[in-house]
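Novice: A structural model of the following input is requested.
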Amino acid sequence: MQIYKVGGAVRDRLLGRPVTDVDWLVVGATAEEMLAQGYRPVGDDFPVFLHPKTQEEYALARTERKSGRGYGGFTFYASPEVTLEEDLTRRDLTINAMAEDDDGTVLDPYGGQKDLEARLLRHVSPAFAEDPLRVLRVARFAARYAPLGFEVAQETLALMRNLSESGELSALTPERSWKEISRALMEDRPDVFIEVLHRCGALKAMLPEVDALFGVPQPEAHHPEIDTGEHVLSVLRQCAEHRQPLTVRWASLLHDLGKGVTPPQEWPRHIAHEHRGIKLIKAVNERCKAPRDCQELAVLVGEYHTHGHRALELKASTLLELLQTFDVYRRPQRFEEFIAACEMDARGRLGLEQRDYPQAAYLRGAAQAARAVQVQPLVEQGHKGAELGEALKRERLKALQAYKAADDNTA
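Specialist: So this is what the prediction gives:
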């Protein structure tokens, strides 16, 4: 029996990055031998065991054979005869197909160290094309390691393109796809994830509403980058630089979907794109099975982000409607995330990344003014039921009118 450290732990140590998870591979052992040494089985599809003391996972060396469609369409074969090289060859990228023994010696049969130095994400073998999930994984690794200069090898991108065109991506479950998408959006360069998917055709297959934004022009006066798809990539880049949560990043990805269905004869203007985008955003939310908080914020940002940009111009009554829509009294965090998404949208434009966004402070002040209105005095005046709600609304409108007047005088 030989035990090796494999995969990401080896890769990240060689890159000088923190090692968070360690995968262990056992070569030359049977399940019975593992059980005899106190390991506890946990794998359903193939033999994986928990170490009796550390509780870390140890997997028996195995090979795999394509037996169906999608991520789960594989038959696995684990045996003491399976070699280290045979196990590593079924992995996705060369930089993930290295092993390390007890002495710290790196075993690298497929050139992972060379590709680390060349900053290349390259597939290990043609078997890469058998698993559609690898398209998303490679794009996610590209997003993670882009700050280090990594790029996807052209031959790997070609395989990803073949997979995208084969229809295999449709076999991925929404839950598995969302896991990869959400992780990728939280990487240092989520824009690279979307860009790689666009380049290999996977974006068109999985998120056609987002893919449709590329090549759609916008008014240069407001969007110096012109291309709507490039704008969305820039907004995602701003989200990462400002460490926004997943909800904001998801909303930022989808906020301009309405522009993808603007009739070409109306370009570069996109009148009412906010309203047109609502149906599209809801469709993507449902198809991807995004969490509820991500879904809600994406729809609200899509519909109201131009309200955010025009905040200083809005009438007090419109401001009140906006605050009511977001339920800032019970869900202040959601409104804060809306403001963040609007600011990322404003900054995600060529040459305007460092622009001021006074709308953010103004909207926060408006929410504070509305929340400051107390209910108890109205109750003491005898208001109750629906009448109390109307009275509260009138007082909040007065507060916003005073807030707006004070801001105008200051300006």
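Novice: Name the nearest residue to His51, ignoring sequence neighbours.
Specialist: What sits nearest to His51 in space, not counting adjacent residues and going by Cβ to Cβ, 6 or more residues apart in numbering, is Tyr58, at 6.1 Å. Every residue, glycine included, has its C-beta placed from N, CA and C.
Novice: give me every residue that touches the one you found.
Specialist: Neighbour list for Tyr58: Ile3, Trp24, Leu25, Val26, Met34, Tyr39, Val48, Phe49, Leu50, His51 [criterion: Cβ atoms under 8 Å, 6 or more residues apart in numbering].
Novice: Export these as JSON lines, with columns for neighbour count.
Specialist: Shown next, in JSON lines, are these (neighbours: other Cβ atoms under 10 Å):
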{"residue": "Ile3", "neighbour count": "16"}
{"residue": "Trp24", "neighbour count": "19"}
{"residue": "Leu25", "neighbour count": "19"}
{"residue": "Val26", "neighbour count": "23"}
{"residue": "Met34", "neighbour count": "21"}
{"residue": "Tyr39", "neighbour count": "20"}
{"residue": "Val48", "neighbour count": "21"}
{"residue": "Phe49", "neighbour count": "23"}
{"residue": "Leu50", "neighbour count": "17"}
{"residue": "His51", "neighbour count": "16"}
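Novice: which of the residues you listed lies closest to Asp256?
Specialist: Val48 (43.2 Å; Cβ to Cβ).
Novice: quick one, what contacts the closest one?
Specialist: Pro41, Val42, Glu57, Tyr58, Ala59, Leu60.
Novice: Do I have it right that the third one meets Phe49?
Specialist: Yes. The criterion here is Cβ atoms under 8 Å, and Glu57 meets it with Phe49 at 7.3 Å.
Novice: intersection of neighbour lists for these two?
Specialist: Val42.
Novice: Could I get the CA-only coordinates of the host helix or strand of Trp178 as PDB?
Specialist: Using DSSP states H and E, Trp178 sits in helix 174-185. Extracted in PDB, the C-alpha atoms of helix 174-185 (Å, rounded to 0.1, in the frame of the first residue of the first chain):
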ATOM      1  CA  PRO A 174     -29.000  22.600 -12.200                       C
ATOM      2  CA  GLU A 175     -27.700  21.900  -8.700                       C
ATOM      3  CA  ARG A 176     -24.300  20.800  -9.900                       C
ATOM      4  CA  SER A 177     -24.100  23.700 -12.400                       C
ATOM      5  CA  TRP A 178     -25.000  26.200  -9.800                       C
ATOM      6  CA  LYS A 179     -22.300  24.900  -7.400                       C
ATOM      7  CA  GLU A 180     -19.700  25.600 -10.100                       C
ATOM      8  CA  ILE A 181     -21.200  28.900 -11.200                       C
ATOM      9  CA  SER A 182     -21.500  30.300  -7.600                       C
ATOM     10  CA  ARG A 183     -18.000  29.200  -6.700                       C
ATOM     11  CA  ALA A 184     -16.600  30.800  -9.900                       C
ATOM     12  CA  LEU A 185     -18.400  34.100  -9.300                       C
END
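Novice: Identify the residues contacting that helix?
Specialist: Against helix 174-185 from outside (Cβ under 8 Å, 6+ apart): 71, 133, 136-137, 139-140, 143, 190, 193, 206, 236, 246, 249-250, 253, 287-290.
Novice: For the buried ones among these, write the corresponding ChimeraX selection.
Specialist: A single ChimeraX command selects the buried members of those (16 or more other Cβ atoms under 10 Å):
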select :71,133,136,137,139,140,143,190,193,206,236,246,249,250,253,288,290
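Novice: on that earlier part again, which one of the contacts of Val48 has the most neighbours?
Specialist: Ranked by neighbour count (other Cβ atoms under 10 Å), those have Leu60 at the top, with 25 neighbours.
Novice: close enough to count as contact, that one and Pro47?
Specialist: Yes. With contacts counted by Cβ under 8 Å, Leu60 reaches Pro47, the gap being 4.3 Å.
Novice: any residues in contact with both of the two?
Specialist: Ala31, Met34, Ala78.
Novice: Skipping its backbone neighbours, what lies nearest the first one in space?
Specialist: In space, and not counting its chain neighbours, Ala31 is closest to Pro47: 5.0 Å by Cβ to Cβ, 6+ apart.
Novice: Now do the contacts for Val375.
Specialist: Leu388, Leu392.
Novice: Show me the helices in the stretch 101-250 of the chain, by range?
Specialist: 112-118, 133-145, 154-166, 174-185, 190-200, 202-206, 208-211, 228-241, 246-254 (DSSP state H, counting those that start in this stretch).
Novice: can you list contacts of the first one?
Specialist: By that I understand helix 112-118. 11, 14-15, 93-98, 106, 121-122, 153.
Novice: if you set the cut-off to 7 Å instead, what comes out?
Specialist: Leu14, Leu15, Thr94, Ile95, Ala97, Met98, Val106, Arg122 (Cβ atoms under 7 Å, 6 or more residues apart in numbering).
Novice: The third one too?
Specialist: In this structure, residues lying in contact with helix 154-166 by Cβ under 7 Å, 6+ apart are 121-123, 128-129, 132, 135, 138, 169, 199-202, 205.
Novice: Could you give me the buried positions within that helix?
Specialist: Taking 16+ other Cβ under 10 Å as the criterion, helix 154-166 shows Thr156, Leu157, Leu159, Met160, Leu163, Ser164 as buried.
Novice: care to break this protein down by domain?
Specialist: With domains defined by automatic domain parsing, the chain comprises 1-117, 372-411.
Novice: Switch the ones you listed over to CSV; also include distance to Glu296 and mean pLDDT.
Specialist: Output for those, formatted as CSV (distance: least, Cβ to Cβ, whole Å; pLDDT from 0 to 100):
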stretch, distance to Glu296, mean pLDDT
domain 1-117, 28, 88
domain 372-411, 22, 87
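Novice: if we compare these, which one ends up closest to Ala240?
Specialist: Relative to Ala240, the nearest member of the domains of the chain by Cβ to Cβ is domain 1-117, separated by 17.0 Å.
Novice: Quick one: end-to-end distance for the closest one.
Specialist: In domain 1-117, first residue to last residue: 32 Å (Cα to Cα, to the nearest Å).
Novice: Likewise for stretch 90-110?
Specialist: Chord length of stretch 90-110, first to last residue, is 11 Å (Cα to Cα).
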